[in-house]
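>>> model this:
(one chain, ligands or ions: 2)
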Amino acid sequence: MNDLATPPKMSREQLLAQIAQLERRIAREAAARRKAEDLLEARSFDLHNANQSLRAINGDLERIVAERTRELRAAHDEALAASRAKSQFLAGMSHELRTPLNAIIGFSEVMQLELQGPIGNAAYRDYAVIIHESGQHLLGIINDILDVAKIEAGRMELHEEVVDVAEVVADSVRLLSDRASRAGIKIKTTLPSGLPRLMADRGKIRQVLLNLLGNSIKFTGKDGTITVSARVSSVGKFLLTVADTGVGIPEDALESVMEAFVQCGDALTRSHHGSGLGLPLCKALTEMHCGCLTLESEVGKGTCVTISLPPQRVLDPAPAA
Ligand SMILES: Nc1ncnc2c1ncn2[C@@H]1O[C@H](COP(=O)(O)OP(=O)(O)OP(=O)(O)O)[C@@H](O)[C@H]1O
Ligand SMILES: [Mg+2]
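Ligands and ions are numbered 1, 2, ... in the order given. Below is the predicted model:
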């Protein structure tokens with residue numbers, strides 16, 4: 001009991017030895033602390049320097065970013081102005097070209113029909129037919145250019161109304177059925193009964209459909225088939241599809257053909273007329289309806305273009321006649 005309560009007595013020598021040991025330990029720790037303080041000072045000096053350099057780099061970066069932003073903004077403004085000037089030029093030119101072209105088309109038709117009396121020479125009559133057809137072809141291109149310019153300038157407007165797509169499909173197919181049968185192509189339509197009507201611009205939907213059908217007729221050989229179908233998807237989107245069994249589009253060209261003036265193949269090997277405006281126009285007109293156009297194709301198998309319009313445009317089914 002007594003042993004636990006009172007520590008064993010130490011001799012003087014032992015005490016002195018312990019004190020000496022403690023002093024050595026304190027001296028060692030003091031040296032270590034000094035060393036740590038020196039190291040800390042050196043590190044904070046390095047940190048301070050690094051901080052200064054970072055601040056300088058940051059300042060440089062901010063200046064460079066501000067400079068680049070200024071340059072980009074200027075380039076963007078320039079590009080916008082150039083695009084606006086191009087659109088205005090195209091719109092002006094197209095308008096100027098249309099006036100004489102209408103005279104060429106009108107008068108060649110009068111000559112072709114010999115409304116003012118007989119032409120007298122069969123070759124001249126054939127020339128009148130060719131002038132009339134060429135004039136109409138040129139007018140089509142000019143109208144497309146004008147439309148692209150209008151869309152780019154943000155001046156194209158939607159004239160929305162209730163549209164019965166079945167009617168528009170029937171009308172467009174009727175219009176192109178002659179051309180298709182002359183090319184040995186069959187056009188099929190598969191529209192479910194009770195297909196809902198759309199809130200859309202009828203003229204523009206028709207323009208898209210005529211362009212897509214025109215492409216399918218151009219790029220599908222004899223004995224080919226074109227199928228026009230429409231349905232409402234499971235999420236309520238309206239899908240209008242034109243599919244053909246034609247030559248198809250190479251995978252690496254699927255994106256570029258959506259750009260204005262781009263066509264597959266080169267001008268020398270291409271056997272079809274066109275200026276490469278149809279698809280970009282269809283895409284732009286669809287996007288004006290807040291929809292999207294998708295292109296799927298396989299070379300040698302065919303092409304399938306789908307116009308997808310948002311559920312907000314889908315109305316109740318057309319009332320039974
Ligand atoms: N159904 C299709 N089958 C195969 N190729 C197609 C089809 N539709 C478009 N293409 C390819 O995409 C290109 C671009 O089509 P787009 O309709 O924009 O122009 P285009 O028909 O050549 O000329 P435009 O429509 O101005 O008369 C076409 O030249 C053709 O190479
Ligand atoms: Mg086309």
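>>> and Gly300, how close does it get to Arg68?
Noted for Gly300: a distance of 47 Å to Arg68, by CB to CB, to the nearest Å. In short, each C-beta sits where N, CA and C put it, glycine included.
>>> hmm, I was thinking of Lys218
When Lys218 is compared with Arg68 (using CB to CB), they lie 46 Å apart.
>>> got it, and Met156?
Using CB to CB, we find Met156 at a distance of 34 Å from Arg68.
>>> same thing with Ser11?
83 Å.
>>> now do Lys222
Per CB to CB, Lys222 is found 57 Å from Arg68.
>>> who's more crowded, Met156 and Arg68?
It is Met156, of Met156 and Arg68, that has more neighbours when counted by other CB atoms under 10 Å, with 17 against 10.
>>> does the more buried one count as helix, strand or coil?
At Met156 the chain is in coil, as set by DSSP: H, G, I helix; E, B strand; the rest coil.
>>> let me know the helix or strand that the residue nearest to it when sequence neighbours are not counted is in.
Closest residue in space to Met156, ignoring its immediate chain neighbours: Lys150 at 4.3 Å, by CB to CB, 6 or more residues apart in numbering. If you go by DSSP states H and E, Lys150 is part of helix 122-152.
>>> cool, and Gln263?
For Gln263, there is no host helix or strand (DSSP H and E).
>>> for stretch 285-300, buried residues please.
Residues 285-286, 289, 291, 293, 295, 297 are the ones in stretch 285-300 that count as buried (16 or more other CB atoms under 10 Å).
>>> which two among the residues you listed are spaced furthest apart?
Spatial extent of those (CB to CB) is set by the pair His289 and Ser297 at 22.9 Å.
>>> check contacts around the closest residue to ligand 2 within the stretch 1-150 of the chain.
Closest approach between the stretch 1-150 of the chain and ligand 2, counting by CB to the ion: Asp144, at 8.7 Å. By CB atoms under 8 Å, 6 or more residues apart in numbering, the contact set of Asp144 is 275, 277-278, 281.
>>> with His272 instead?
218-219.
>>> enumerate the residues of the stretch 101-250 of the chain near ligand 1.
144, 215-216, 219, 244, 246-249 (CB under 6 Å from any ligand atom).
>>> hmm, 8 Å instead?
Contacts of the stretch 101-250 of the chain with ligand 1, taken as CB under 8 Å from any ligand atom, map to 140-141, 144, 211-212, 214-216, 218-220, 242, 244, 246-249.
>>> among these, name the buried ones.
Buried subset of these (neighbour count, 16+ other CB under 10 Å): 140, 144, 211-212, 214-216, 218-220, 242, 244, 246-249.
>>> just the helices in the chain please.
Per DSSP state H, the chain carries helices over the ranges 2-5, 12-112, 122-152, 165-182, 202-218, 278-288.
>>> reformat those as TSV; add mean pLDDT and distance to Gly194.
Shown next, in TSV, are the helices of the chain (pLDDT from 0 to 100; distance: least, CB to CB, whole Å):
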stretch	mean pLDDT	distance to Gly194
helix 2-5	55	102
helix 12-112	92	42
helix 122-152	90	33
helix 165-182	96	10
helix 202-218	97	19
helix 278-288	96	24
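>>> pick out the residue in the chain sitting closest to ligand 2.
Residue nearest to ligand 2 within the chain: Gly278 (2.6 Å; CB to the ion).
>>> roughly how far does the closest residue to that residue other than its chain neighbours sit from Gly265?
What sits nearest to Gly278 in space, not counting adjacent residues and going by CB to CB, 6+ apart, is Asn211, at 4.3 Å. Distance of Asn211 to Gly265, computed by CB to CB: 19 Å.
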